[in-house]
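>>> Starting from these lines, generate the structure:
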Amino acid sequence: MKNLLLLFILFTLMVVSLISCDLGPESPRGFSLPEGNVDSGKLVFLKYQCLACHQVAGIQAPEGTIDNPKYNIKLGGKSTQVKTYADLLTSVINPSHKFAKGYALSVVQYDGVSKMKNYNDVMTVSELVNLTTFLQSNYQLVPYRRTVY
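Numbering: from 1, shown residues only. Below you'll find the predicted structure:
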């Protein structure tokens, strides 16, 4: 009987904690952006000269693009982790949110702020949606290879 009561209490606490997670004014619940277009996103990527600091396989910088070889941050490619739409969107609108492992210190200012220009007041929502869709299309999920001992 004690075990059954304990199980019921644990179950109730778990349900309450799950329900309360997405309540409140800071909750992302109900937030959704329209579907983006990969080709339009590529044009946005080129328009804002993202190739000055980033690389995407198969995309060459057009004439006149300022090349900044000290940044040279690769986007896309094979990854063992899913690059979610939300992760990529956050990386564009808040590049200081978190830095991927292996980034050189040259992409971070001394105070932990990204050196990436803030495009929030320049880029339209449609451009942001299309850019994020384009970026996501350049990642390929590959299975994690376990080390055999």
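
>>> What segments of this structure are strands?
54-56, 73-75, 77-79, 139-141 (DSSP state E).

>>> for these, which one sits closest to Asp87?
strand 139-141 (10.1 Å; CB to CB). In short, each C-beta sits where N, CA and C put it, glycine included.

>>> List the neighbouring strands of the closest one plus their orientation.
Applying DSSP bridges, strand 139-141 is found paired with strand 77-79 (parallel).

>>> residues making contact with the partner strand?
Ala57, Asn138, Tyr139, Gln140, Leu141, Val142 (CB atoms under 8 Å, 6 or more residues apart in numbering).

>>> Just the pLDDT for the first one.
The model reports Ala57 with a pLDDT of 87.

>>> residue contacts, the closest residue in space to Tyr144 that isn't next to it in sequence?
Nearest residue to Tyr144, sequence neighbours excluded (CB to CB, 6 or more residues apart in numbering): Thr80, at 4.4 Å. Applying CB under 8 Å, 6+ apart, we find Thr80 in contact with Leu141, Val142, Pro143, Tyr144.

>>> Thr80 and Tyr139: what is the separation?
11 Å (CB to CB, to the nearest Å).

>>> quick one, what contacts the closest residue to Glu127 other than its chain neighbours?
Nearest residue to Glu127, sequence neighbours excluded (CB to CB, 6+ apart): Val44, at 4.6 Å. Val44 makes contact with Met123, Glu127, Asn130, Leu131, Phe134, according to CB under 8 Å, 6+ apart.

>>> Kindly reformat those residues as a markdown table containing neighbour count and pLDDT.
A markdown table is the format used below for the contacts of Val44 (neighbours: other CB atoms under 10 Å; pLDDT from 0 to 100):
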| residue | neighbour count | pLDDT |
| --- | --- | --- |
| Met123 | 18 | 94 |
| Glu127 | 20 | 96 |
| Asn130 | 24 | 96 |
| Leu131 | 26 | 95 |
| Phe134 | 25 | 95 |
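
>>> Which single one of the residues you listed is nearest to Ser96?
Met123 (16.8 Å).

>>> check contacts around the closest one.
So Met123 contacts Val44, Tyr48, Val92, Leu131 (CB under 8 Å, 6+ apart).

>>> how close does it sit to Leu131?
7 Å.

>>> Find the residues that touch each one of those two.
Val44, Val92.

>>> Drop anything exposed from the contacts of strand 77-79.
Asn138, Tyr139 (16 or more other CB atoms under 10 Å).
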